[in-house]
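Visitor: test case, fold it:
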Amino acid sequence: MASEGAHSQRWQRLGILAGGGDLPLELAQACQDSAPFVVTLNGHADRDYTAFDHQDMSIGQIGGIAKVLKAAGCDTVCFAGYVQRPDIKSLKLDTRGLIMVPKALAAGRKGDDALIRVVVEEFESQGFAVVGADEVLSALAPTLNGGVDAPHDGPHRDDIAKACEIARKMGALDIGQGAVVADGLVLAVEAQEGTNAMLDRLVSLRAEIRGTPEQRCGVLAKMPKPMQERRVDLPTIGLDTVERCATAGLAGIALEAGSALILEREAVERALRAHNMFLVIVEADDA
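Guide: Sure, this is the predicted structure:
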């Protein structure tokens, strides 16, 4: 039986383009009864997909990936997992990839979201429907009542509001999705390094401004970019995110309802409670 929360199937066969992290594997496991086909992106995918039909491809083999997916009977694709922006000069490119280079370079200068849109549009032009991870597994998307020990008042509320506001402003500039605020002080904002590296930086800060496991302080907010391609790059947290926040002494995490993904939700909830941390789900217009 497919995992609880899996979306009603709207495709003949789903192709998953797998980058790094747990998300692609969680999606594949949720859809295993319908036999998804996984394209593991070389140098990015870092989980074991041997239980599924799969093929390893270079991210620059755009035409080859499309051909493999069609041969496998896929009519729909889902991009999942993190992919570091590649150095085009070092990529293994096929003919279709070479044709895309000028457009990709121009889009890349505008930001990550513009580059993502170029890739999505290319697969749509090849006849594939493109769906988001939240469409494949609806249980990943948090709802307003999906928080964990969320504070309704007290000192964390101001940090939540400020962290959400900063994350949204950073997103509007297509810089990053995350921000950390503690006692009103901005401790970190996310750029190209990604959430994990941003959280790891916090450990080098003085404990009195970031909190400790014994006296937690501060909030990580991850908000969607207002212009972003939601089928590919929604803010995502998992058990690793919680553990890194815990190590940094943070008190909680804030996400936007319906605009984020939570991996390994039960494990995340257990870890939050074990570390005496909270998860708060805010509305889209909260600030």
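Visitor: name the spans of the stretch 51-200 of the chain whose pLDDT lies under the cut-off.
Guide: 86-90, 107-108, 110-111, 113, 152-153 (pLDDT under 70).
Visitor: which residues does the most centrally placed residue in the chain contact?
Guide: Nearest to the mean C-alpha position of the chain, by Cα atoms, centre = their mean, lies Thr236 at 3.7 Å. By Cβ atoms under 8 Å, 6 or more residues apart in numbering, the contact set of Thr236 is 21, 23, 222, 260-263. Heads up, the C-betas are built off the backbone N, CA and C, glycines and all.
Visitor: if we go to 7 Å?
Guide: 23, 260-261, 263 (Cβ atoms under 7 Å, 6 or more residues apart in numbering).
Visitor: with the residues you listed in mind, which one is nearest to Leu279?
Guide: Ala260 (10.3 Å; Cβ to Cβ).
Visitor: returning to that earlier point: filter the contacts of Thr236 down to the ones in helices?
Guide: Counted as lying in helices by DSSP state H, out of the contacts of Thr236, are Leu23.
Visitor: among the contacts of Thr236, who's most crowded?
Guide: Counting neighbours by other Cβ atoms under 10 Å, the top entry in the contacts of Thr236 is Leu23, with 26 neighbours.
Visitor: might one say that that residue is in contact with Leu263?
Guide: Yes. If you go by Cβ atoms under 7 Å, Leu23 and Leu263 touch, sitting 5.9 Å apart.
Visitor: so which of the contacts of Thr236 comes closest to Gly154?
Guide: Comparing the contacts of Thr236 against Gly154 with Cβ to Cβ places Ala260 closest, at 23.2 Å.
Visitor: quick one: residues contacting the closest one.
Guide: Ala260 makes contacts with 141-142, 222, 234-236, as judged by Cβ under 7 Å, 6+ apart.
Visitor: and the gap between it and Ala161?
Guide: With distances taken as Cβ to Cβ, to the nearest Å, Ala260 is found 17 Å from Ala161.
Visitor: next one: Leu144
Guide: 16 Å.
Visitor: who has more neighbours out of the two?
Guide: Using other Cβ under 10 Å, the more surrounded residue of Leu144 and Ala161 is Ala161, with 17 against 12.
Visitor: what about the more buried one, which helix or strand?
Guide: Using DSSP states H and E, Ala161 falls within helix 156-172.
Visitor: please name every helix or strand in contact with that helix.
Guide: Applying 3 or more Cβ pairs under 7 Å, 6 or more residues apart in numbering; DSSP states H and E, we find helix 156-172 packed against strand 178-182, strand 185-189, strand 219-222, strand 252-256.
Visitor: buried ones in that helix?
Guide: By neighbour count on 16 or more other Cβ atoms under 10 Å, the buried set for helix 156-172 is 156, 159-168, 170-171.
Visitor: how far away from the center of its chain is that helix?
Guide: Here the centre of helix 156-172 is set off from its chain's centre by 18 Å, with Cα atoms, centre = their mean, to the nearest Å.
Visitor: then stretch 11-30?
Guide: Computed by Cα atoms, centre = their mean, the chain-centroid distance of stretch 11-30 equals 13 Å.
Visitor: next, the buried residues of it.
Guide: Neighbour counts over stretch 11-30 (16+ other Cβ under 10 Å) mark 11, 13-30 as buried.
Visitor: the residues you listed in strands, which ones?
Guide: Those of these mapping onto strands are 14-18, per DSSP state E.
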